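Trainee: got a predicted structure plus its sequence, pasted below:
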Amino acid sequence: MADTHVLFVEDDDVIREATQLALERDGFVVTAMPDGLAGLEAFRADRPDIALLDVMVPGLDGVSLCRRIRDESTVPVIMLSARADSIDVVLGLEAGADDYVTKPFDGAVLVARIRAVLRRFGHASGPEGSGGAAAETAVPAEAVLRFGDLEVDTGGMEVRKGGQPVALTPTEMRLLLEFSDSPGTVLSRDRLLERVWDYGWGGDTRVVDVHVQRLRGKIGQDRIETVRGFGYKLRG
């Protein structure tokens, strides 16, 4: 099994070196860069399995770097933010990040989040990683599900709207599959965090809200309905 390659962009020398050593001790191969422009160059040269991007880095900030990466690839991205309540968290998610971790972070927590994201994307998750139940969906294999003009091919992992292909990131696809498995059923944010993001613990529901908004922008604003106080449901 190939080693998992992590691109880590962080301008603080102490955090960058300590985090790189911690990740390498857990079996990851790490390319660490001090600024966004160097990070973009390394991404294009190395094509890592996952990118960890600090929001506030010089040259090209983390949010802009995330957008550039997302323009070229669906590789998973985790943003690192110094404040849980920062608008930067939402901006990073809107730019295409799959998750975020607040600094200062515990190394074990960061590794757990990396492995959770990699499981969702079907990658190896390090020497101790393994697939979990949350990586499975109850949608039958090789089924084409139809919701109005929306077609979800669960076998080919393709989505079409009005006959035209819709490009989704793996996280968006998993979110849509979860909705497709229970059309018309209200799914709570906590359930979506557990099933799509593989959170066995509490998580920030902004991750869900921003991804639902991104998914709506691609499959139709009215296709996913907000049920105030409860969650979301897919209209059949």
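Mentor: Looks like it arrived, so ask away.

Trainee: average pLDDT for stretch 217-226, rounded please.
Mentor: Stretch 217-226 carries an average pLDDT of 94.

Trainee: buried residues, that stretch. List them.
Mentor: 219, 220, 223, 224 (16 or more other C-beta atoms under 10 Å). Every C-beta, even on glycine, is put in place using the N, C-alpha and C of the backbone.

Trainee: now those residues in JSON lines, with distance to residue 198?
Mentor: As requested, those are exported to JSON lines (distance: C-beta to C-beta, whole Å):
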{"residue": "219", "distance to residue 198": "23"}
{"residue": "220", "distance to residue 198": "27"}
{"residue": "223", "distance to residue 198": "24"}
{"residue": "224", "distance to residue 198": "21"}
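
Trainee: which one of those is nearest residue 64?
Mentor: Using C-beta to C-beta, residue 219 is the member of the buried residues of stretch 217-226 that lies nearest residue 64, at 26.2 Å.

Trainee: now stretch 15-26: buried residues?
Mentor: Quick answer for stretch 15-26 (16+ other C-beta under 10 Å): 15, 16, 19, 20, 22, 23, 26.

Trainee: isn't there a helix covering the fifth one?
Mentor: Yes: following the definition DSSP: H, G, I helix; E, B strand; the rest coil, residue 22 is counted among the residues of a helix.

Trainee: isn't it up against residue 107?
Mentor: Yes: Residue 22 is within contact range of residue 107, at 4.1 Å (criterion: C-beta atoms under 8 Å).

Trainee: how much space separates the residue positioned nearest the centre of the chain from residue 163?
Mentor: Closest to where the C-alpha atoms of the chain average out (C-alpha atoms, centre = their mean) is residue 98, at 2.0 Å. Between residue 98 and residue 163 the computed distance is 28 Å (C-beta to C-beta, to the nearest Å).

Trainee: swap in residue 219?
Mentor: 13 Å.

Trainee: same question, residue 57
Mentor: For residue 57 relative to residue 163 (C-beta to C-beta), the value is 42 Å.

Trainee: ditto for residue 9
Mentor: From residue 9 to residue 163 the distance is 39 Å (C-beta to C-beta).

Trainee: so what touches stretch 87-103?
Mentor: 15, 53-56, 62-64, 66-67, 69-70, 76-84, 109-110, 113, 116-117, 120, 169-171, 197, 204, 206-207, 210-211, 213-214 (C-beta atoms under 8 Å, 6 or more residues apart in numbering).

Trainee: again with stretch 62-74
Mentor: Everything outside stretch 62-74 that qualifies as a contact, by C-beta under 8 Å, 6+ apart, is 9, 36, 39-40, 43-44, 47, 51, 53-57, 60, 75, 77, 79-80, 88, 91-92, 95-97, 169-170.
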